[in-house]
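Visitor: following is a predicted model, sequence given first.
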Amino acid sequence: MFDKYSRNINYLRLSITDRCNLRCKYCMPDGCGMVGHEDILSYEEFLRLVRLFTQAGVEHVRVTGGEPLVRKGAAEFVRALKAVPGVKKVSLTTNGTLLGKYGEALAAAGLDSVNISLDTTDPALAREITGSDGVVDAVRESLALMRSLGVPVKLNAVLLAETAGTVPSLARFAEEGVPVRFIELMPMGVGKYGRGYDPDLALEDLRRIWPDLHPVDAHIGSGPAKYYASEALAAPIGFIDAVSHRFCASCNRVRLTSRGFLKPCLCFDEGADLRALLRSGAGDGDTLDAIKLTVFNKPRQHCFDTPQNMTESRLMSQIGG
């Protein structure tokens with residue numbers, strides 16, 4: 001499925017809930033507000049749409065939230081996604097705190113990979129950021145569990161000013177064979193008012209420990225990370241720096257929110273209300289046409305460097321991280 005700039009859009013990020021069991025201060029410190037059950041797409045509606053997306057060329061589906069594992073039946077939904085013709089990979093992004101409860105079921109369902117979020121290895125700082133105790137230990141246990149189950153794992157960390165000093169300790173997970181990706185704070189939602197840590201400075205920090213850290217042509221999953229390797233590391237370290245180093249020319253993704261809104265670009269509120277189509281009785285043909293038209297009109301690039309041009313006002317948790 002190609003847009004007007006000849007980008008092949010084959011990756012769907014699918015949010016199944018706005019809700020989360022943490023309150024990360026750059027994401028949803030005050031919660032997500034009350035969302036009626038009827039406002040969220042049912043799993044059956046999601047699966048119907050995924051079948052249409054695969055007809056248009058989508059091959060990789062990533063389940064996100066909010067925190068996707070707070071929604072009942074998430075593992076069974078992963079199993080159902082794996083059974084959709086044309087879906088080659090199903091992955092999950094999670095804060096990791098619930099994998100101890102659901103990890104085995106997800107592995108049995110055929111989950112292909114999981115990204116776990118952790119912004120610092122300092123327990124007190126993690127509590128300040130997330131509003132919860134025990135996050136660091138829970139993530140360490142989840143990493144070990146998923147690896148023992150044979151599910152490939154990556155660790156994601158948002159670069160925040162207050163966590164700059166713990167960047168090296170996060171990167172040391174790569175010594176254990178876990179790819180680590182540092183993500184630049186995006187000026188969305190509460191993130192507009194936060195202070196991020198410059199990815200170039202973070203890379204300088206890491207090169208003081210691993211001087212041979214060098215760019216490598218690694219492709220781990222379908223994401224846009226630029227990876228660096230060292231002889232001392234068993235896995236690469238990546239940077240996803242969408243603001244300072246735009247990579248829109250190679251963007252291959254669209255997002256479907258939990259309320260059924262198809263977003264072709266994070267910066268803008270343009271898209272298609274697929275929930276309205278489904279619930280008004282639209283057939284698969286009309287719905288597929290709406291998907292293709294929205295993808296075709298995907299903007300050339302984001303506008304994070306000129307926030308005044310952004311039209312999107314929703315939190316990332318309401319869009320799908």
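Guide: Looks like it came in fine.

Visitor: show the contacting residues for E184.
Guide: E184 makes contact with 158-159, 196, 199, 239-244, according to CB atoms under 8 Å, 6 or more residues apart in numbering. C-beta: built from backbone N, CA, C; applies to glycine.

Visitor: which of those residues fall within helices?
Guide: Members of the contacts of E184 lying in helices (criterion: DSSP state H): P199.

Visitor: among the contacts of E184, the buried ones, what's the PyMOL command?
Guide: A single PyMOL command suffices to select whichever of the contacts of E184 are buried according to 16 or more other CB atoms under 10 Å:
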select buried, resi 158+159+196+199+239+240+241+242+243
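
Visitor: save the contacts of E184 as a markdown table, and put in pLDDT and distance to E59 too.
Guide: Converted to a markdown table, the contacts of E184 look like this (pLDDT from 0 to 100; distance: CB to CB, whole Å):
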| residue | pLDDT | distance to E59 |
| --- | --- | --- |
| V158 | 94 | 27 |
| L159 | 95 | 30 |
| G196 | 86 | 32 |
| P199 | 94 | 29 |
| F239 | 95 | 25 |
| I240 | 91 | 21 |
| D241 | 87 | 26 |
| A242 | 76 | 22 |
| V243 | 78 | 28 |
| S244 | 76 | 29 |
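
Visitor: relative to I220, which of the contacts of E184 is nearest.
Guide: Comparing those against I220 with CB to CB picks out I240 as the nearest, at 11.6 Å.

Visitor: so the closest one sits right up against L185, yeah?
Guide: No - checked against CB atoms under 8 Å, the pair I240 and L185 is beyond contact range at 10.8 Å.

Visitor: V135 contacts A126, correct?
Guide: Yes - in terms of CB under 8 Å, V135 counts as a neighbour of A126; the distance is 4.6 Å.

Visitor: hey, what's in contact with both of the two?
Guide: Common neighbours of V135 and A126 (CB under 8 Å, 6+ apart) are L118.

Visitor: including distance to R13, could the contacts of E184 go into CSV?
Guide: Shown next, in CSV, are the contacts of E184 (distance: CB to CB, whole Å):
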residue, distance to R13
V158, 17
L159, 20
G196, 21
P199, 21
F239, 19
I240, 13
D241, 18
A242, 14
V243, 18
S244, 22
